[in-house]
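J.: Sharing a sequence plus its predicted fold:
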Amino acid sequence: MTNIAFIGLGNMGIPMSRRLIEAGHRVAGYDLTAAARASFAAQGGRAAAVLGEAVADAECVITMLPTGKHVRAVYEAEGGILASAPRDALLIDSSTIDIESARAVSGAATAAGFAMVDAPVSGAVPAAAGGRLTFMVGGSAEAYARARPLLDPMGANFFHVGEAGSGQALKICNNMLAGMTMVALSETIALGEKLGLDHQTLYDVIVKSSGNCWALEKYCPVPGPVPTSPANHGYAPGFALPMMLKDMRLAQQAAGSVHAATPLAGAAVALYQMAAAGGYAEKDFSAVFQLIAGRDGQPQAGATPVSG
Ligand code: NAD
């Protein structure tokens with residue numbers, strides 16, 4: 001049993017912290033919103049009124065926050081984690097953030113005497129609820145060895161991928177590919193529709209052919225072939241389109257910093273941006289199909305091709 005502080009009790013933080021509570025850890029939690037703190041208390045966590053109270057007796061602090069700006073604020077602000085947590089606490093940031101912020105926070109934590117890893121995850125809310133996340137961890141081998149058993153209740157796959165910031169680098173590469181693949185698949189299905197092929201036939205053949213990919217097999221962006229995919233539920237997220245856009249932009253930022261050419265990813269960013277501006281900002285990222293297939297306005301459940 002470990003005293004864990006969990007900061008950021010949103011879509012992912014709530015199910016991840018629940019897994020830790022169910023595994024027998026003593027978990028204190030903090031979020032800016034009262035509603036998130038109440039959900040956390042309802043699942044058996046000790047909700048703290050301020051951040052300092054949550055981390056005061058922590059042996060491990062886990063953060064699950066939206067962006068690098070939020071992570072830096074929570075770590076570095078007056079009364080933040082670096083000022084308030086015991087020096088021997090292990091710090092784990094599981095948010096998806098830019099590499100520069102990850103390295104800056106890790107550097108500040110190390111300078112203050114803490115061990116820290118960046119440990120972003122792949123897998124959305126259902127994977128978090130079922131303890132099936134994939135963790136990609138950056139940091140020292142010693143810090144990873146300490147983190148590994150604490151991550152166990154939340155995940156199914158664990159990879160130590162290098163020094164501080166490497167977990168974020170890998171996560172950004174993965175999501176860049178996932179984002180591009182969804183766009184490529186959407187173009188393919190839209191073309192198939194116009195050529196008179198129905199969705200199920202497209203699915204059945206491609207899933208057994210060289211075009212198969214995760215987006216098709218697990219997350220098909222049209223209703224029918226994969227009943228659990230968001231397309232069957234009005235594109236309710238899932239993985240929200242603005243979150244994918246954020247990750248695709250992080251990849252562009254990282255690519256720019258090392259002069260890597262990513263033209264296809266650049267085109268995909270533009271499409272997600274158009275989708276976000278065109279009425280899909282509250283939807284799952286697979287709703288980019290609706291834009292690519294030429295469905296104007298609000299997302300539709302049907303698969304009727306647009307004429308003209
Ligand atoms: P979310 O917006 O649902 O939750 C973030 C929470 O952080 C919110 O409850 C917010 O109130 C809280 N917060 C913000 N600033 C805070 C502060 N200063 N102090 C305390 N709490 C604060 O986001 P999410 O979907 O849970 O995602 C969290 C991170 O995980 C993101 O970086 C995201 O990219 C990544 N991620 C999300 C998914 C997913 O499917 N949702 C999957 C993999 C990775």
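T.: Looks like it arrived, so ask away. Residues are numbered from 1 along each chain as shown.
J.: And the strands in the stretch 151-300 of the chain?
T.: 155-162 (DSSP state E, counting those that start in this stretch).
J.: Residue 181: how many residues sit nearby?
T.: 16 (other C-beta atoms under 10 Å). The way it works is simple: take the backbone N, C-alpha and C, and place the C-beta from them, glycine included.
J.: Might you report the residue contacts of the residue of the stretch 101-250 of the chain found nearest the ligand?
T.: Using C-beta to the nearest ligand atom, the single residue of the stretch 101-250 of the chain nearest to the ligand is residue 124, 3.4 Å away. Residues near residue 124 by C-beta atoms under 8 Å, 6 or more residues apart in numbering: 237, 238, 239.
J.: same deal with residue 228?
T.: Applying C-beta under 8 Å, 6+ apart, no residues contact residue 228.
J.: pLDDT at the residue of the stretch 101-250 of the chain closest to the ligand, what is it?
T.: Here the pLDDT value assigned to residue 124 is 81.
J.: What parts of the stretch 1-150 of the chain come near the ligand?
T.: 7-13, 30-33, 36, 64-66, 70, 73-74, 95-96, 121, 124-125 (C-beta under 6 Å from any ligand atom).
J.: what about 8 Å?
T.: Those residues of the stretch 1-150 of the chain that sit near the ligand, judged by C-beta under 8 Å from any ligand atom, are 7-14, 30-33, 36, 51, 64-67, 70, 73-74, 94-97, 120-125, 128, 133.
J.: With adjacent residues omitted, what lies nearest to residue 266?
T.: Leaving aside its chain neighbours, residue 266 sits nearest to residue 252 (6.6 Å; criterion: C-beta to C-beta, 6 or more residues apart in numbering).
J.: so residue 171 touches residue 137, yeah?
T.: No: between residue 171 and residue 137 there is no contact under C-beta atoms under 8 Å: 10.3 Å.
J.: For the ligand, what's the nearest residue on the chain?
T.: Nearest residue of the chain to the ligand: residue 10, at 1.8 Å (C-beta to the nearest ligand atom).
J.: Which residue comes closest to that residue once chain neighbours are left out?
T.: residue 36 (6.4 Å).
J.: Show residues contacting the helix or strand containing that neighbour.
T.: Following DSSP states H and E, one finds residue 36 within helix 34-42. With contacts defined as C-beta under 8 Å, 6+ apart, helix 34-42 is touched by 6, 9, 10, 13, 14, 17, 29, 30, 31, 47, 48.
J.: which ones among those residues are found in helices?
T.: Among these, the members found in helices (DSSP state H) are 13, 14, 17.
J.: What is the burial count for the first one?
T.: Taking other C-beta under 10 Å as the criterion, the count of residues near residue 13 is 25.
J.: quick one: contacts for it?
T.: 6, 7, 29, 31, 36, 64.
J.: And the last one, by the same measure?
T.: Contacts were defined as C-beta under 8 Å, 6+ apart; by that measure residue 17 touches 6, 9, 27, 29, 40, 43, 45, 62.
J.: again, only this time at 7 Å
T.: 6, 9, 27, 29, 40, 45 (C-beta atoms under 7 Å, 6 or more residues apart in numbering).
J.: okay, residue 171 and residue 137: which has more neighbours?
T.: residue 171 (29 against 24).
J.: And for that one, nearest residue in space, chain neighbours not counted?
T.: residue 120 is the one closest to residue 171 (C-beta to C-beta, 6+ apart), at 3.9 Å.
J.: re earlier: dump the contacts of residue 124 to TSV, plus distance to the ligand, neighbour count and pLDDT.
T.: Formatted as TSV, the contacts of residue 124 follow (distance: C-beta to the nearest ligand atom, whole Å; neighbours: other C-beta atoms under 10 Å; pLDDT from 0 to 100):
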residue	distance to the ligand	neighbour count	pLDDT
237	7	20	87
238	7	23	84
239	4	21	89
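J.: Out of those, which comes closest to residue 283?
T.: Nearest to residue 283, judged by C-beta to C-beta, of the contacts of residue 124 is residue 237 at 6.7 Å.
J.: Now do the contacts for that closest one.
T.: 230, 283, 284.
J.: My read is that the last one contacts residue 242, right?
T.: Going back to what we said before, that points to residue 284. No: look at residue 284 against residue 242 with C-beta atoms under 7 Å: they stay out of range, at 10.6 Å.
J.: tell me which residues in the longest helix seen in the chain are buried?
T.: Longest helix of the chain, by residue count under DSSP H: helix 166-194. Neighbour-count burial for helix 166-194, counted by 16 or more other C-beta atoms under 10 Å, picks out 166-172, 174-186, 188-190, 192-193.
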